[in-house]
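S.K.: Sequence plus predicted model, see below.
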Amino acid sequence: MSLSPFIAFLKTLSYLLRGRLHFPRNRIGEVITMEDGQEFVIFRHVVVDHSPDQPEKPGATFRVRFRFAHGSPKQNRLLSLFPIPFIVGLPGFRSKLWTINERNGAFQGIYEWDTVQDAENYTHSFPLKLMTKRSVPGSVFYEISPNQSIKE
């Protein structure tokens, strides 16, 4: 499966045109308390309807946490719109929550993927490389959890 940014963009466009791409607002503002006690507020959510050839439920969750090197949280929230078409169209993508820890300015993305392999492939993708490049060196941490999904 291709991790090409161009192919991912075209696939995202096809999801949009076919009505499979959604930006639910019901969780915006919800606070998520992580296992380490840090609280993150959801500020964006994207979901792609799964197709018949995909598993019924996601097979993995990918969580990444980091701090941006430059710009205010407000600026970085806006800039985080840019990679959406390059993430959504990647093989196995299901959903993503964008979150921020208002106290320390850390950002966190929580993704659902069809398989653990899809989540692992994301670690080599254009969007993750771009985020890492814009982050404070050493601040990027990610983990993949098999057979978990984002709790509604």
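M.R.: Right, received. Where do you want to start? If you're wondering where the values come from, they're calculated on a predicted model, not measured in any experiment. Residues are numbered from 1 along each chain as shown.

S.K.: For Leu79, see how far away the residue nearest to Leu90 when sequence neighbours are not counted is.
M.R.: Once flanking residues are discounted, Leu90 sits nearest to Ala8: 5.1 Å by C-beta to C-beta, 6 or more residues apart in numbering. To be clear about C-beta, it is placed using only N, CA and C from the backbone, and glycine gets the same treatment. Counting by C-beta to C-beta, to the nearest Å, the gap from Ala8 to Leu79 is 18 Å.

S.K.: If you count surrounding residues, which of the two has more?
M.R.: More crowded of Ala8 and Leu79, by other C-beta atoms under 10 Å: Ala8, with 23 against 14.

S.K.: Keeping just the C-alphas, turn the strand or helix carrying the residue nearest to Leu90 into CSV.
M.R.: Using DSSP states H and E, Ala8 sits in helix 5-17. Output in CSV follows, covering the C-alpha atoms of helix 5-17 (Å, rounded to 0.1, in the frame of the first residue of the first chain):
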residue,chain,number,x,y,z
PRO,A,5,1.3,12.1,-0.1
PHE,A,6,-0.2,12.6,-3.6
ILE,A,7,-2.1,9.3,-3.5
ALA,A,8,-3.3,10.0,0.1
PHE,A,9,-4.6,13.5,-1.0
LEU,A,10,-6.5,12.0,-3.9
LYS,A,11,-8.0,9.3,-1.7
THR,A,12,-9.1,11.9,0.8
LEU,A,13,-10.7,13.9,-2.0
SER,A,14,-12.6,10.8,-3.1
TYR,A,15,-13.9,10.3,0.5
LEU,A,16,-15.1,13.9,0.6
LEU,A,17,-16.9,13.6,-2.7
